[in-house]
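Trainee: the amino acid sequence is not available; the structure is as follows:
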DNA sequence: GAGGGGATTCTTTTT
DNA sequence: GAATCCCCTC
């Protein structure tokens, strides 16, 4: 969208300025506020203006007291964006919540360990209580006390064997623990319940051990550690993860007045970006500091920036925000700088909190919003719209899908996605939710170990095709400075000549030249691929080990082995063209004129041409969007949504407001009795192209 | 045909 | 790790 050709009336310019003046007043009066504005209002812009404004007004005082402004965001991406837009400055500290909070509380190890001990004990009593009350533990309760103890002891001794076989089928599992099965046949009648019982028993044991070690002041248990790389607590190893970090922070701050004072004296101004995504624990912590600052008469001002209706993650505070941090001044902005008036009006209709945006521009060109209810192949529909909207490489079409699986399919590499999805490793337990990070992450570091190796091979190949300067980078990193131009040219040529229709052929060719007397080539390959892999066969084995034979001594039947190998060999048969599509996706360099995203993944972005593919079902909720469409006219009654309705509403709001110019919603299921509310919002429903 | 147990199947995202 | 489907047994 070319916004430069649009004009803004003097009146609107003045009114937009008033927003920032309201914030300015809050800064001067040391009054905390929250800035509420819908999608496309220019929230980040306002945040940056605020930072500049505080510096303009307060820099002398801040410098004098050696104080800073704290700017808290939810993601590292947002940190980088703000830093970039802000430029060099020493008075502002921009950081993610977790980084900041850990820096603050990490020195208080004595209290942290105390809190940690309490947490361990409370988890132990929770588990003990479950064993006493839960249905799945009934068979355990039927045992005599002596037998209960006996079981605990045996399973402790055989714990590594237990974990090795935990993912086995029920029948196999029973053979492994045949002795227990014959001793207490009832206990193993339901293998699932038995595993739950054993898990609890072992965990209780581990936690109690840790409590003892802490009590003995064992040096290995004297510190609580936070590691952002892990998503799960390992309480017994004194390691906590993201949520527990925030939990401990709230506890430690609420018990420690001195710490409250340190926080408010260090950073008398705190700005929180995207507050709706922030954990309630963080809001509570800030409100405690605010309260205490008032009590001791120190200045402490918090400014929250966000939009309740864009809360699409469960952990976010969302609409509870106002009851947790009370007494904030509300600053509102009704202007929209992004979307066409028609899209704005649809978006207003989806919201049910009374906020109604209007375009800041006088002359936004006419645009269309269309709602289809149609049973059609996506490709056919898209082809029609490529013509209708003049889609080209300079005017791309962005298609929004609900699931990553669909995005992978539409982007053309479902063969790759499904290979991982169907592999044993990803099918175990809750691992399927790692698929997204491991296979589709745009951040190379979040890819799975295996996917990362494949990615590096591909990335090298495609980068070399466009840009050979990256070879130099490799030599730099490997301290191979003495390579002359001729050697380099020869190497590039050798690399570029590597060919292969399928992944298997390509990889075989890559390794064909390996260790044939060309040192530079070898170094290059070693740099790209992990060091332990030096042939096609080793890569193949590595994949098998990663995805199928991951638990050391596990025995597989011959039949099983053959099946796994066949799947991996089929994976190697996948065309390099498909791997190129995958590579384009995760490097976000799709040269196609159509780009696919999940609704969630587009948050914060904007596109000229958007088609939203929608159906009723999402996750385990068969009527997720169906129910929302029925409920749309209730918006005027301002009634509270239930949780599902609210999250569907917010998600649709986010999706719709990505579009600046052309928006089309394609609903693929039956719309039954929600025709009236749909037409009221989107206009006449279209049933054919 | 009821109920017990096993197998299979799920969404998104960030730290 | 929970919901749901599926299969078996009584």
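Mentor: Nice, thanks for sending it over. From a predicted model like this one, the values you see are computed outputs, not experimental measurements. Numbers count the residues shown, from 1 in each chain, chains lettered A, B, ... in the order given.
Trainee: so, low pLDDT: which residues of chain A?
Mentor: Across chain A, the ranges flagged by pLDDT under 70 are A:466-483, A:550-562, A:633-641.
Trainee: helix, strand, or coil at residue A:331?
Mentor: strand (DSSP: H, G, I helix; E, B strand; the rest coil).
Trainee: bridging residues for it?
Mentor: residue A:35 (DSSP bridges).
Trainee: show me the contacts for it.
Mentor: With contact set as Cβ atoms under 8 Å, 6 or more residues apart in numbering, residue A:331 has these partners: A:19, A:22-23, A:26, A:33-36. From N, CA and C alone the C-beta is placed, and that goes for glycine too.
Trainee: mind doing that once more with 7 Å?
Mentor: A:19, A:22-23, A:33, A:35 (Cβ atoms under 7 Å, 6 or more residues apart in numbering).
Trainee: do residue A:214 as well
Mentor: A:113, A:117, A:221 are the contacts of residue A:214 under Cβ under 7 Å, 6+ apart.
Trainee: element containing it, please.
Mentor: helix A:191-215 (DSSP states H and E).
Trainee: so which bits of that helix are buried?
Mentor: Judged by neighbour count using 16 or more other Cβ atoms under 10 Å, the buried positions of helix A:191-215 are A:191, A:193-198, A:200-202, A:204-207, A:210-211, A:213-214.
Trainee: likewise for stretch A:22-29?
Mentor: A:22-24, A:26-27.
Trainee: restrict those residues to contacts with DNA strand C.
Mentor: Among the buried residues of stretch A:22-29, none lies close to DNA strand C by the criterion of Cβ under 7 Å from any atom of the strand.
Trainee: residue numbers of the stretch 401-550 of chain A in contact with DNA strand B?
Mentor: A:402-405, A:427, A:430, A:432-433, A:436-437, A:441.
Trainee: how about the residues of the stretch 51-200 of chain A that lie near DNA strand B?
Mentor: A:74-77, A:96-99, A:169-171, A:189-193.
Trainee: what's the farthest-apart pair in the residues you listed?
Mentor: A:77 and A:189 (50.5 Å; Cβ to Cβ).
Trainee: just the closest residue of the stretch 251-400 of chain A to DNA strand B, please.
Mentor: Residue of the stretch 251-400 of chain A nearest DNA strand B, by Cβ to the nearest atom of the strand: residue A:313 (3.9 Å).
Trainee: ok, now which ones touch that residue?
Mentor: Per Cβ under 7 Å, 6+ apart, neighbours of residue A:313: residue A:277.
Trainee: show the backbone phi and psi for residue A:361.
Mentor: phi -90, psi 150 (degrees, to the nearest 10).
Trainee: please disregard the earlier target; I meant residue A:598.
Mentor: phi -80, psi 160.
Trainee: give me the neighbour count for the closest residue in space to residue A:337 that isn't next to it in sequence.
Mentor: Once flanking residues are discounted, residue A:337 sits nearest to residue A:42: 5.0 Å by Cβ to Cβ, 6 or more residues apart in numbering. Counted with other Cβ atoms under 10 Å, the neighbours of residue A:42 add up to 18.
Trainee: rewinding a little: buried subset of the residues of the stretch 51-200 of chain A next to DNA strand B?
Mentor: A:74, A:96-99, A:191, A:193.
Trainee: out of these, which sit inside helices?
Mentor: A:97-99, A:191, A:193 (DSSP state H).
Trainee: next, format those as a markdown table and append distance to residue A:376.
Mentor: Listed next are those as a markdown table, based on distance: Cβ to Cβ, whole Å:
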| residue | distance to residue A:376 |
| --- | --- |
| A:97 | 44 |
| A:98 | 44 |
| A:99 | 47 |
| A:191 | 46 |
| A:193 | 47 |
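Trainee: between the residues you listed, which is nearest residue A:521?
Mentor: So of those, ranked by how close each gets to residue A:521 (Cβ to Cβ), first place is residue A:99, at 41.4 Å.
Trainee: just how off-centre is the strand or helix carrying residue A:349 within its chain?
Mentor: According to DSSP H and E, residue A:349 maps onto helix A:341-350. Relative to its chain's centre, helix A:341-350 lies at 28 Å (Cα atoms, centre = their mean, to the nearest Å).
Trainee: given the next helix or strand after that helix, what are its sheet partners and their directions?
Mentor: For helix A:341-350, the following helix or strand on the C-terminal side (DSSP H and E) is strand A:358-359. Its sheet considered, strand A:358-359 pairs with strand A:335-336 (parallel) by DSSP bridges.
Trainee: run through who's touching the partner strand.
Mentor: A:12, A:16, A:38, A:40-41, A:344, A:357-360.
Trainee: quick one: buried ones out of the residues you listed?
Mentor: A:12, A:16, A:38, A:40-41, A:344, A:357, A:359-360.
Trainee: adding distance to residue A:145, write the residues you listed out as a markdown table.
Mentor: Listed next are the buried ones among the contacts of strand A:335-336 as a markdown table, based on distance: Cβ to Cβ, whole Å:
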| residue | distance to residue A:145 |
| --- | --- |
| A:12 | 77 |
| A:16 | 73 |
| A:38 | 62 |
| A:40 | 65 |
| A:41 | 65 |
| A:344 | 69 |
| A:357 | 66 |
| A:359 | 73 |
| A:360 | 74 |
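Trainee: which one of the residues you listed is nearest residue A:179?
Mentor: Of the buried ones among the contacts of strand A:335-336, the one sitting nearest to residue A:179 (Cβ to Cβ) turns out to be residue A:38, at 64.5 Å.
Trainee: can you name the residue of the stretch 101-250 of chain A nearest DNA strand B?
Mentor: Counting by Cβ to the nearest atom of the strand, the stretch 101-250 of chain A gets nearest DNA strand B through residue A:242, at 3.0 Å.
Trainee: now do the contacts for the nearest residue to that residue once chain neighbours are set aside.
Mentor: In space, and not counting its chain neighbours, residue A:242 is closest to residue A:98: 6.0 Å by Cβ to Cβ, 6+ apart. By Cβ under 7 Å, 6+ apart, the contact set of residue A:98 is A:228, A:242, A:245.
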